[in-house]
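Colleague: Build me a model:
(chains A, B, C and D)
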2 protein chains.
Amino acid sequence: MRAMPRVSEAHLAARRQQILDAARACFARNGFHATSMQDVISEAGLSVGAFYRYFKSKEELVTAIAEQVIGRVSDLLDEVRAINPPPPIEDVMRRLLQTVDPQFSPDGVFPMALQVWAESLRNPELAAFVRTIYGRVRGHFDEIARDQQAAGRLPADADPEAVGAVLFSMVPGYALQRVLLGRPDPDTFLAGITALLHAPDKN
Amino acid sequence: MRAMPRVSEAHLAARRQQILDAARACFARNGFHATSMQDVISEAGLSVGAFYRYFKSKEELVTAIAEQVIGRVSDLLDEVRAINPPPPIEDVMRRLLQTVDPQFSPDGVFPMALQVWAESLRNPELAAFVRTIYGRVRGHFDEIARDQQAAGRLPADADPEAVGAVLFSMVPGYALQRVLLGRPDPDTFLAGITALLHAPDKN
DNA sequence: CCTTAAAACGAATGTTCGTTCTCTTTAGCG
DNA sequence: CGCTAAAGAGAACGAACATTCGTTTTAAGG
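Modeller: Numbering: from 1, shown residues only, chains lettered A, B, ... in the order given. So this is what the prediction gives:
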């Protein structure tokens, strides 16, 4: 049996991605809530019925998009840390900011990440996913701190997780300034980091 | 003429605030978009008609709430900087984080600020307001940096605006970690700042 | 205490939305 | 080439929504 009128597996995956791409464009333009299903479906050039063959609901679509967005953030960070041997903190942060800087533009991942964060406050499933991914990212910053400590560029008694948290904080903190205020540029920000690292001991 | 059946000015203001308080509670619980007008109106114990006497639309309500929330963030920062004479950077940041820490809880202002930020990406009017207030807050961090430089705790040739940007970035960056990951606690984060400030010069 | 207009009310409205369901088309298989 | 079941289409539906509007209540002025 198994009469099999099905279409190729690749075609199904392509259709699904076609919807995801359309949704990403719409969400970036208008946000999750102000985007109607019709918007997404029209953007994808499909019919309502076709959409609901690939996603059970709008919420499932939002979650899928969120996973892609957060996953990309994590990957970006992975790349930066893969550099060997570990350069000084300022260089690590420079490379990091230069890598993520394009993502701060209106069609980058950061504006959407902002929406995911806000959404995760009232969507426990999404919150759990966000926690998993960002925990992993945080872990990489801890590793960076450990590398720096091993290289003698941090006090021997410093807590790597504490330093990792501070380094981690600078990335979304900087992103927020860029998105909301439009400044400073990466070089200025990096100069600020350098100045703080070279603060004379006066305490 | 002027038959005047009006109620006292104070009563009008109180009613308005009553609505704002109810809205804040609802928005904190469910977010701007998932909160219906009926939710807000019921929470306030009013009628639909009464609400629309005080606000033209839901959007106007959201804007009013956003203004209150952001205004409070700014005020908090103002207080911390008013301390004289300026303590060392670590102490400034300690005081700052201790002041804003309660605001990271689910009913604090930070979760709502997150929503305001996300919302401002597609509401130009709100975006302009956010820019104004956060610009002012940023300015205070620049002043902190200048104070520190004058006290010899930063390199003489450092750019205060660059240092201010970095210090500023740590606050929302830390808040995000607290809200999304639940850690680290303020003391650990502050220890991380201390470790970075005391990094041995190896470059 | 009666008049008057603001204030409050809440049923009604019209729209928009996400989703369902039935029908048609398509593509693989024998 | 015809059979079959999946894929796609889109009209239709019901729920939820923000807002309006005609009416009732309230309180200050004369």
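
Colleague: Checking stretch A:172-181 against chain B, do any of its residues make contact.
Modeller: Yes - counting by C-beta under 8 Å from any C-beta of the partner chain, chain B has neighbours in stretch A:172-181: A:172, A:173, A:174, A:176, A:177, A:179, A:180, A:181. No exception for glycine: its C-beta is placed from N, CA and C like everyone else's.

Colleague: In helices, which of those appear?
Modeller: If you go by DSSP state H, the residues of stretch A:172-181 next to chain B have A:172, A:173, A:174, A:176, A:177, A:179, A:180, A:181 in helices.

Colleague: Columns neighbour count and pLDDT on top of those residues, output as a markdown table?
Modeller: Output for those, formatted as a markdown table (neighbours: other C-beta atoms under 10 Å in any protein chain shown; pLDDT from 0 to 100):
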| residue | neighbour count | pLDDT |
| --- | --- | --- |
| A:172 | 24 | 95 |
| A:173 | 23 | 96 |
| A:174 | 29 | 97 |
| A:176 | 22 | 95 |
| A:177 | 22 | 96 |
| A:179 | 20 | 93 |
| A:180 | 21 | 93 |
| A:181 | 17 | 94 |
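
Colleague: so can I have TSV of those showing distance to DNA strand C?
Modeller: Below are those laid out as TSV (distance: C-beta to the nearest atom of the strand, whole Å):
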residue	distance to DNA strand C
A:172	28
A:173	32
A:174	33
A:176	28
A:177	32
A:179	25
A:180	27
A:181	31
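
Colleague: Kindly indicate which of those lies nearest DNA strand D.
Modeller: Nearest to DNA strand D among these: residue A:180, at 25.7 Å, using C-beta to the nearest atom of the strand.

Colleague: ok, the closest one to residue B:20 distance?
Modeller: 23 Å (C-beta to C-beta, to the nearest Å).

Colleague: Any part of the helix or strand residue A:144 falls within near chain B?
Modeller: Assigned by DSSP states H and E, residue A:144 belongs to helix A:124-150. Yes - residues of helix A:124-150 are located near chain B by C-beta under 8 Å from any C-beta, namely A:127, A:130, A:131, A:134, A:135, A:138.

Colleague: Mind checking the pLDDT average for that helix?
Modeller: For helix A:124-150, mean pLDDT rounds to 90.

Colleague: Now for residue A:182, how many residues are close by?
Modeller: 11 (other C-beta atoms under 10 Å in any protein chain shown).

Colleague: Is it possible to mark the buried ones in the residues of helix A:124-150 next to chain B?
Modeller: Buried members of these, counted by 16 or more other C-beta atoms under 10 Å in any protein chain shown: A:127, A:130, A:134, A:138.

Colleague: Tell me which residues touch the residue nearest to the second one when sequence neighbours are not counted, please.
Modeller: Read that as residue A:130. What sits nearest to residue A:130 in space, not counting adjacent residues and going by C-beta to C-beta, 6 or more residues apart in numbering or on different chains, is residue A:120, at 4.7 Å. Residue A:120 is in contact with A:66, A:126, A:127, A:129, A:130, B:180, counting by C-beta atoms under 8 Å, 6 or more residues apart in numbering or on different chains.

Colleague: Surely the last one touches residue A:134?
Modeller: Yes - in this structure residue B:180 lies within contact range of residue A:134 using C-beta atoms under 8 Å: 5.5 Å.

Colleague: Where does the most centrally placed residue in chain A sit, in terms of helix or strand?
Modeller: Central residue of chain A (C-alpha atoms, centre = their mean): residue A:73, 3.0 Å from the mean position. Per DSSP H and E, residue A:73 falls inside helix A:58-81.

Colleague: Buried ones in that helix, by neighbour count?
Modeller: Going by neighbour count (16+ other C-beta under 10 Å), the buried part of helix A:58-81 is A:58, A:61-70, A:73, A:77, A:80-81.

Colleague: do the same with stretch A:94-106
Modeller: Of the residues in stretch A:94-106, those buried by neighbour count under the rule 16+ other C-beta under 10 Å are A:94, A:96, A:97, A:100, A:101, A:103, A:104.

Colleague: Could you restrict those to the ones contacting chain B?
Modeller: Residues of these in contact with chain B (C-beta under 8 Å from any C-beta): none.

Colleague: Could you dump those residues into JSON lines with pLDDT and secondary structure added?
Modeller: Formatted as JSON lines, these follow (pLDDT from 0 to 100; DSSP: H, G, I helix; E, B strand; the rest coil):
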{"residue": "A:94", "pLDDT": "93", "secondary structure": "helix"}
{"residue": "A:96", "pLDDT": "88", "secondary structure": "helix"}
{"residue": "A:97", "pLDDT": "91", "secondary structure": "helix"}
{"residue": "A:100", "pLDDT": "86", "secondary structure": "helix"}
{"residue": "A:101", "pLDDT": "88", "secondary structure": "helix"}
{"residue": "A:103", "pLDDT": "88", "secondary structure": "helix"}
{"residue": "A:104", "pLDDT": "90", "secondary structure": "helix"}
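
Colleague: Make JSON lines from those and add distance to residue B:197 to it.
Modeller: As requested, the buried residues of stretch A:94-106 are exported to JSON lines (distance: C-beta to C-beta, whole Å):
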{"residue": "A:94", "distance to residue B:197": "19"}
{"residue": "A:96", "distance to residue B:197": "20"}
{"residue": "A:97", "distance to residue B:197": "20"}
{"residue": "A:100", "distance to residue B:197": "24"}
{"residue": "A:101", "distance to residue B:197": "25"}
{"residue": "A:103", "distance to residue B:197": "29"}
{"residue": "A:104", "distance to residue B:197": "27"}
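
Colleague: hmm, back to that, residue A:133 is in contact with the residue nearest to the centre of chain A, correct?
Modeller: Yes - using C-beta under 8 Å, residue A:73 is in contact with residue A:133, at 7.4 Å.

Colleague: Please parse chain A into its domains.
Modeller: With automatic domain parsing as the criterion, the domains of chain A are listed as A:1-55, A:58-197.

Colleague: so which of those domains comes closest to residue B:145?
Modeller: Nearest to residue B:145 among these is domain A:58-197; the distance by C-beta to C-beta comes to 8.1 Å.

Colleague: And DNA strand D, is the closest one touching that?
Modeller: No - against DNA strand D, domain A:58-197 shows no contacts by C-beta under 7 Å from any atom of the strand, the least distance being 12.3 Å.

Colleague: distance between that domain and the chain's centre?
Modeller: On the basis of C-alpha atoms, centre = their mean, to the nearest Å, domain A:58-197 is displaced by 8 Å from the centre of the chain it belongs to.
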